[in-house]
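Engineer: Give the three-dimensional model of this entry:
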Amino acid sequence: MIGFIASGSTLKLDTGMAAIGTVVPGLAIVAVLAASYFLPTIVAVKRHKPNMDAIFALNLLLGWTLLGWVGALVWSLTAEANPRPLPQR
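Structural biologist: Next up is the predicted model:
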């Protein structure tokens with residue numbers, strides 16, 4: 001992070017490489033945690049679930065409770081009774 005170093009009566013901006021070395025791993029950890037949290041939504045999108053919006057809402061609002069996250073994951077992994085055909089390209 002960018003910090004200030006006090007030296008005498010002036011302030012100097014510290015933008016050393018050490019600051020970048022602590023930010024990049026932190027951002028990587030945040031990205032992995034976010035992907036893990038939204039795993040049910042990612043699965044629903046990849047499987048073209050017709051109710052992926054509802055799965056996303058459940059994941060977003062109740063995913064912090066383990067029960068809500070597991071429920072969203074199970075919902076995203078279940079097979080559709082009448083699967084809709086994929087759109088033709």
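
Engineer: for the protein, what's the longest helix?
Structural biologist: When the chain is parsed with DSSP state H, its longest helix is helix 17-37.

Engineer: How confident is the prediction for residue 58, by pLDDT?
Structural biologist: Listed pLDDT for residue 58 reads 97.

Engineer: one step back: return the distance of the longest helix of the chain from the chain's centre.
Structural biologist: In terms of Cα atoms, centre = their mean, to the nearest Å, the gap separating the centre of helix 17-37 from the centre of its chain is 12 Å.

Engineer: List the contacts of the residue lying closest to residue 47 once chain neighbours are set aside.
Structural biologist: Closest residue to residue 47 apart from its sequence neighbours, by Cβ to Cβ, 6 or more residues apart in numbering: residue 76 at 6.8 Å. For glycine as for every other residue, the C-beta is placed from the backbone atoms N, C-alpha and C. Residues in contact with residue 76 (Cβ atoms under 8 Å, 6 or more residues apart in numbering) are 40, 41, 43, 44, 47, 49, 52, 55.

Engineer: doesn't residue 76 fall inside a helix?
Structural biologist: Yes. Per DSSP: H, G, I helix; E, B strand; the rest coil, residue 76 lies within a helix segment.

Engineer: Look up how far residue 31 lies from it.
Structural biologist: Note on residue 76: its distance to residue 31, by Cβ to Cβ, to the nearest Å, is 20 Å.

Engineer: Can you report how many residues neighbour residue 51?
Structural biologist: By other Cβ atoms under 10 Å, the residues close to residue 51 number 13.

Engineer: That one: what's it in contact with?
Structural biologist: Residues near residue 51 by Cβ under 8 Å, 6+ apart: 44, 75.

Engineer: any idea how far it lies from residue 42?
Structural biologist: 15 Å.

Engineer: same deal with residue 24?
Structural biologist: According to Cβ to Cβ, residue 24 stands 23 Å off from residue 42.
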